[in-house]
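S.K.: next input, structure requested:
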Amino acid sequence: MPSAAARGAARASAEAMAAAGPWAERKDCVSAAGFVQACAQGGDLIVMRAPIRTAAFFAEELRSAARLVSLPSPLLRSLGGGVWHLLPAAAAAEDAAAAAAEDASSIDTDTVAAGTMVKEANAAAARTRLYCLLSSLAGVRMCMSLIAAAADSRALLSKLRSQPPVRHAPQWSLHYEQHYPAADHIQLPFSPVSVAPALAIRLHALVGDGFVDDLGSDLRDIDRASAVSHRQRSECDAFVLLELKHVLLFCRRQQPSSAAAQRERTACGAPQTAQAEPVASMRAATPSTGAATEEDATSCTASATMATQGALRAVPWWVPLWERRPFDFSACLDPFVATAAVNIAASAHLRLHKRTSVPPVPLRVFDPCCGSGTILAAAAALGHTALGADLRAEFVSRVPSNLELLGLQVAQLAVQDATGPFLPLLLSDEQRPDVVVCNPPWGKNFGLDDDGARIVLSVIRQCSGATMLFLVNATALEAAIQLSGVTLLHHARLGGVEAMLLRTDRVP
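M.R.: Okay, here's the model as predicted:
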């Protein structure tokens, strides 16, 4: 029989799920007919990293960004299976016009038309701001302009024959991908490529001459990808054939200008010299530290370039180097989850304080159990000021070398027991955190079940006023939500982990 504490923790987890609202992306995919009908409205598709364990977390990261830029909620909707539909701005105007039509007796026609134009302009501006943030989101893999959708290859070819895709460039490439949500976001499941060969041949006949090899879309061909200039990309229509379980999609990848690419790098927190600084830090590293080589830095640089030039978004720019950091240990947090956690907490804090500019205002992000520094690296890579502490002096002494590998730094580090009184330097007016993101140790491998709860309660009391996201067990969740002055904003499960986003006022 489970203990009373365990039963209470499980009950708290269930209640939190109900109270926080529908955070999880719905698990049932839209039917093939419904999917095709939705895509008939046009717009763009956002393809997520959609493993079962983290799908809800990555979905909330995207929704948090949409809320931050004030995107009208009807414009972003899940089609299931990790695919999201971003409708055209005109859809917001249509909704406004329909609502006005129901009350046409009290509003004159000119007023309705003016209001509709304002709605569409605001929606278009919000879509633009969201695009600026997409490259900083850990859960986003691709963003594409939708051309056609059909339930099978015959129907797709029929649509493209009746309305051939508009060519914007003399050359074109075609990338084919199957998107079946996997159990792990690092690996894709194996499945037979049944549709691609014949369909690709027929698409070639429909689109016309000018086919070239997909420029740099093969993420394994890093050397070739890094040599592809922006001019070459801009002179090539990059088409994508995406096969889902019940639907085929024909899309065009976005091709931002070099200026837009730099803005995206800035928006996601990469240094202005993002391609040079990692290489320089690599040169400074010695083989004795276990750091990566300059060749590894070049690979990371190429991935960052591709991520901002309309190619498939492999990973956030700093992750390939982070995997080669001098110091790590078995319990390190996944860098994708760390990035999403920082984004969710920062977006919530900025919205609560009505600071919704794009790129987002840099915040002070504190991790009181920093370990090897994964959350600190994610925060610094996103342009925030990173503050950290850990009980183990060895960890604190080795975190700076990990971030130096990325050309980043931690503003403040301290050896600190998170369950005891914090050092004054961590809570001074200049260093007091805006946001706390923490994955505290707990469980049989790191102590007792209630260890995480003691850390969470201590941090909430000493850093009250900050927006906080904890990755903990149900025991810590139950303890946190019972505190006065704490509001649960969102909650989701990542396997056996409870992710809770909290707003904290002054806590006694």
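
S.K.: ranges for the strands of the stretch 351-500 of the chain?
M.R.: Using DSSP state E, counting those that start in this stretch, the strands of the stretch 351-500 of the chain run over residues 364-367, 385-390, 412-415, 435-438, 467-472, 486-494, 497-504.

S.K.: how about these in CSV, adding mean neighbour count?
M.R.: (Glycine included, C-beta is placed from N, CA and C.) Formatted as CSV, those follow (neighbours: other CB atoms under 10 Å):
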stretch, mean neighbour count
strand 364-367, 28
strand 385-390, 24
strand 412-415, 18
strand 435-438, 26
strand 467-472, 25
strand 486-494, 19
strand 497-504, 22
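
S.K.: JSON lines for those, including distance to Arg77?
M.R.: Conversion of those to JSON lines gives the following (distance: least, CB to CB, whole Å):
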{"stretch": "strand 364-367", "distance to Arg77": "30"}
{"stretch": "strand 385-390", "distance to Arg77": "34"}
{"stretch": "strand 412-415", "distance to Arg77": "41"}
{"stretch": "strand 435-438", "distance to Arg77": "28"}
{"stretch": "strand 467-472", "distance to Arg77": "25"}
{"stretch": "strand 486-494", "distance to Arg77": "18"}
{"stretch": "strand 497-504", "distance to Arg77": "22"}
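
S.K.: what about Leu376, how many neighbours?
M.R.: Residues lying near Leu376 (other CB atoms under 10 Å) number 30.

S.K.: tell me how far it lies from Gly43.
M.R.: 37 Å (CB to CB, to the nearest Å).

S.K.: between the strands of the stretch 351-500 of the chain, which one is nearest to Pro197?
M.R.: strand 486-494 (38.0 Å; CB to CB).

S.K.: specify the local secondary structure of Phe327.
M.R.: coil (DSSP: H, G, I helix; E, B strand; the rest coil).

S.K.: same question, the one 5 residues further on
M.R.: Taking three-state DSSP as the rule, one finds Cys332 in the coil state.

S.K.: so where's this structure uncertain?
M.R.: Residue ranges of the chain with pLDDT under 70: 1-29, 50-51, 93-116, 180-195, 214-234, 254-314, 425-426, 442-451, 507-508.

S.K.: quick one: contacts of the longest strand belonging to it?
M.R.: Across the chain, the longest stretch assigned as strand under DSSP state E is strand 140-150. Strand 140-150 is contacted from outside by 35-36, 39-40, 42-49, 58, 62, 85-86, 131, 134, 156, 158-160, 163, 165, 239-240, 242, 247-254, 312-313, using CB atoms under 8 Å, 6 or more residues apart in numbering.

S.K.: give me the buried subset of these.
M.R.: 35-36, 39, 43-49, 58, 62, 85-86, 131, 134, 156, 159-160, 165, 239-240, 242, 247-254, 312-313 (16 or more other CB atoms under 10 Å).

S.K.: of these, which belong to strands?
M.R.: 44-48, 85-86, 239-240, 242, 248-253.

S.K.: farthest pair within these?
M.R.: Checking these with CB to CB, the most distant pair is Met48 and Phe239, at 20.6 Å.

S.K.: any idea how far Phe239 is from Ile147?
M.R.: Phe239 is 8 Å from Ile147, by CB to CB.

S.K.: can you check Thr419 too?
M.R.: Applying CB to CB to Thr419 and Ile147 gives a distance of 56 Å.

S.K.: over to Pro421?
M.R.: Taken as CB to CB, the span from Pro421 to Ile147 is 60 Å.

S.K.: neighbour count winner among the two?
M.R.: Per other CB under 10 Å, whichever of Pro421 and Ile147 has more neighbours is Ile147, with 20 against 10.

S.K.: for the more buried one, give its distance to Tyr176.
M.R.: From Ile147 to Tyr176 the distance is 15 Å (CB to CB).

S.K.: then Pro320?
M.R.: From Pro320 to Tyr176 the distance is 24 Å (CB to CB).

S.K.: higher neighbour count, the two?
M.R.: Pro320 (22 against 18).

S.K.: so that one: helix, strand or coil?
M.R.: helix.

S.K.: and of the ones in strands among the buried ones among the contacts of strand 140-150, the nearest to Val459?
M.R.: Out of these, the member with the shortest distance to Val459 (by CB to CB) is Met48, at 30.1 Å.

S.K.: contacting residues around Lys505?
M.R.: That one is not Lys; residue 505 is Asp. Each residue near Asp505 by CB under 8 Å, 6+ apart is listed here: Ser464, Gly465, Gly485, Val486, Thr487.

S.K.: would a markdown table of the residues you listed with distance to Val212 be doable?
M.R.: Converted to a markdown table, the contacts of Asp505 look like this (distance: CB to CB, whole Å):
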| residue | distance to Val212 |
| --- | --- |
| Ser464 | 58 |
| Gly465 | 55 |
| Gly485 | 60 |
| Val486 | 56 |
| Thr487 | 54 |
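
S.K.: which of those lies closest to Ser428?
M.R.: Looking across those and measuring by CB to CB, the closest to Ser428 is Gly465, at 13.9 Å.

S.K.: was I right about the closest one contacting Thr504?
M.R.: Yes: shown here, Gly465 and Thr504 form a contact pair, counting by CB atoms under 8 Å, at 6.3 Å.

S.K.: and the longest strand of the chain, which strands flank it?
M.R.: When pairing is defined by DSSP bridges, strand 140-150 lines up against strand 44-48 (antiparallel), strand 248-253 (antiparallel).

S.K.: how about that strand as PDB, C-alpha atoms only?
M.R.: Coordinates of each C-alpha in strand 140-150 appear next as PDB, following Å, rounded to 0.1, in the frame of the first residue of the first chain:
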ATOM      1  CA  VAL A 140      10.400  23.700 -33.100                       C
ATOM      2  CA  ARG A 141      12.000  21.700 -35.900                       C
ATOM      3  CA  MET A 142      10.600  23.300 -39.000                       C
ATOM      4  CA  CYS A 143       8.400  26.100 -40.200                       C
ATOM      5  CA  MET A 144       7.000  26.000 -43.700                       C
ATOM      6  CA  SER A 145       4.600  27.800 -46.000                       C
ATOM      7  CA  LEU A 146       1.800  25.400 -46.800                       C
ATOM      8  CA  ILE A 147       1.100  24.800 -50.600                       C
ATOM      9  CA  ALA A 148      -1.100  21.700 -50.700                       C
ATOM     10  CA  ALA A 149      -2.400  18.900 -48.400                       C
ATOM     11  CA  ALA A 150      -4.100  15.700 -49.300                       C
END
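
S.K.: in it, what's buried?
M.R.: Taking 16+ other CB under 10 Å as the criterion, strand 140-150 shows Val140, Arg141, Met142, Cys143, Met144, Leu146, Ile147, Ala148, Ala149, Ala150 as buried.

S.K.: now do stretch 61-74
M.R.: Glu61, Leu62, Arg63, Ser64, Ala65, Ala66, Arg67, Leu68, Val69, Leu71, Pro72.

S.K.: if I look at the nearest residue to Gln41 once chain neighbours are set aside, how far off is Ala124?
M.R.: Spatial nearest neighbour of Gln41, chain neighbours left out: Leu87 (5.8 Å); criterion: CB to CB, 6 or more residues apart in numbering. For Leu87, the distance to Ala124 equals 11 Å [CB to CB].

S.K.: which of these two has more neighbours?
M.R.: The neighbour comparison of Leu87 against Ala124 (other CB under 10 Å) goes to Leu87, with 23 against 15.

S.K.: gap between that one and Leu241?
M.R.: For Leu87, the distance to Leu241 equals 22 Å [CB to CB].
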